[in-house]
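Asker: what follows is a predicted protein model with its sequence.
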Amino acid sequence: MGDHLFEFLLRQGDNTLILSHRISEWCGHAPIIEEDIALANIALDLLGQTQMWLGLAAEVEGAGRSADDLAMLRDAWDFRNSILVERPNGDFGQTMMRQFLFDAYHVELLNKLVNSADERIAAIAAKSLKEVEYHVERSASTVIALGDGSEESHARMQAALDDQWTFAGELFETDAGDHALNDAGIAPLPSSLRVGFEVRAMAVLGDATLIIPETTFAHSGGRSGKRHSEHLGHLLTQMQWLQRAYPGATW
Amino acid sequence: MSDQNTNPRTEWPLWEIFIRGQHGMSHRHVGSLHAPDAEMAIKNARDVYTRRNEGVSIWVVEAEKITASSPSDKGPMYEPSQSKVYRHPTFFDIPDDVGAM
């Protein structure tokens, strides 16, 4: 169970860490300053959640590693985030579409985790949920505004959805470890979150006048760590550069 | 191509933001920002002006909906009240046991 729990906590912390880093790349580059600040806030929310998830992961592992060690000193194959969150930002519309797809999953997950039998997990979920409820409200309204906007914004959002939909499926992938945690009342089966996700996605994407691609194919390999995309390694070279070049540096 | 595309209106409307710091206090003007509509103005205000726990309530008003007094009317608008000290209630003796008013 310890291994399954560690794996689960890495998956949570790596999703929030890698997405946080991606969003932080917008800092100083967003189309308007209000969006710039909003994106930075979301990146910082996710980074705060990462500290809690990876902090607990380090505690559960009991190998003397800290949350910082897990974030900054692992290589790509040890990361357990889904491929969706490591993909490059693309244009603003692609970033917001990725954000909405992740937020819509994230809010379903946290809504279940607040009732986890492990009270440490329930506490992290309760704190995160308040932040994520705002994230999904914001990303959903932006997706609707752009999807149901001008001809150009609509076309870009449809392209973003076509591009990313098959990466969302991995969020609901379920393995033996997930079953063990579900049996112990610690975490829901990821597959059980899909219905709630789809109800929200269909409502928002419908309002956005976007068409969900007709495919059941889903990219895979991130949450198992077996086959990340080539983008993760590039991201890590930036994110981990300082600790790699100056081991143990603090300020 | 329509006129709108050749002459795009690149700026969203300006909104004035009012935040209430705590229950019982009044809303105070804290600044302004751009947003496409009132809903997004509230969200942007939340992100721009309440990130350090400044508020419990937000009002947004489209800046062009505000009617302001004219600076050139300053003389007739405000100067007459400068010489009317009797409008200040400072000529009454307040009994000590009334306390601060």
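Answerer: Looks like it arrived, so ask away.
Asker: buried residues in the helix or strand harbouring B:Ala41?
Answerer: For B:Ala41, the host element (DSSP states H and E) is helix B:38-49. By 16 or more other Cβ atoms under 10 Å in any protein chain shown, the buried positions in helix B:38-49 come out as B:Met40, B:Ala41, B:Ile42, B:Lys43, B:Asn44, B:Ala45, B:Arg46, B:Asp47, B:Val48, B:Tyr49. The way it works is simple: take the backbone N, C-alpha and C, and place the C-beta from them, glycine included.
Asker: could you measure from the fifth one over to chain A?
Answerer: It stands for B:Asn44. Here B:Asn44 is placed at a distance of 4 Å from chain A (Cβ to the nearest Cβ, to the nearest Å).
Asker: thought that residue was touching A:Glu34?
Answerer: Yes. Counting by Cβ atoms under 8 Å, A:Glu34 is a contact partner of B:Asn44 at 4.1 Å.
Asker: find residues that contact each of these two.
Answerer: B:Leu33, B:His34, B:Ala35 (Cβ atoms under 8 Å, 6 or more residues apart in numbering or on different chains).
Asker: reformat these into a markdown table and put secondary structure next to each item.
Answerer: Below are these laid out as a markdown table (DSSP: H, G, I helix; E, B strand; the rest coil):
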| residue | secondary structure |
| --- | --- |
| B:Leu33 | strand |
| B:His34 | strand |
| B:Ala35 | coil |
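Asker: ok, and of these, which contact chain A?
Answerer: Among the shared contacts of B:Asn44 and A:Glu34, the ones lying near chain A by Cβ under 8 Å from any Cβ of the partner chain are B:Leu33, B:His34, B:Ala35.
Asker: quick check: the last one vs B:Glu62, distance?
Answerer: It refers to B:Ala35. According to Cβ to Cβ, to the nearest Å, B:Ala35 and B:Glu62 sit 9 Å apart.
Asker: again, but for B:Ile42
Answerer: Distance from B:Ile42 to B:Glu62, counting by Cβ to Cβ: 12 Å.
Asker: near chain B, which residues of the stretch 51-200 of chain A?
Answerer: Within reach of chain B by Cβ under 8 Å from any Cβ, the stretch 51-200 of chain A has these residues: A:Tyr134, A:Glu137, A:Arg138, A:Ser141, A:Ala145.
Asker: for the closest residue to the first one other than its chain neighbours, report the pLDDT, please.
Answerer: Read that as A:Tyr134. Excluding the flanking residues, the one nearest A:Tyr134 by Cβ to Cβ, 6 or more residues apart in numbering or on different chains is B:Arg46, at 7.7 Å. pLDDT recorded at B:Arg46 is 94.
Asker: for chain B, give me the ranges with low pLDDT.
Answerer: Scanning chain B with the threshold set as pLDDT under 70 gives B:1-9, B:101.
Asker: start and end of stretch A:70-79, how far apart?
Answerer: Criterion Cα to Cα, to the nearest Å; first-to-last residue distance in stretch A:70-79 is 9 Å.
Asker: and that stretch, how far out from the chain's middle?
Answerer: Centre-to-centre, stretch A:70-79 and its host chain are 16 Å apart (Cα atoms, centre = their mean, to the nearest Å).
Asker: what is the burial count for residue 62?
Answerer: No chain was given, so I picked chain A. 9 (other Cβ atoms under 10 Å in any protein chain shown).
Asker: chain B, not that one
Answerer: By other Cβ under 10 Å, the residues close to B:Glu62 number 14.
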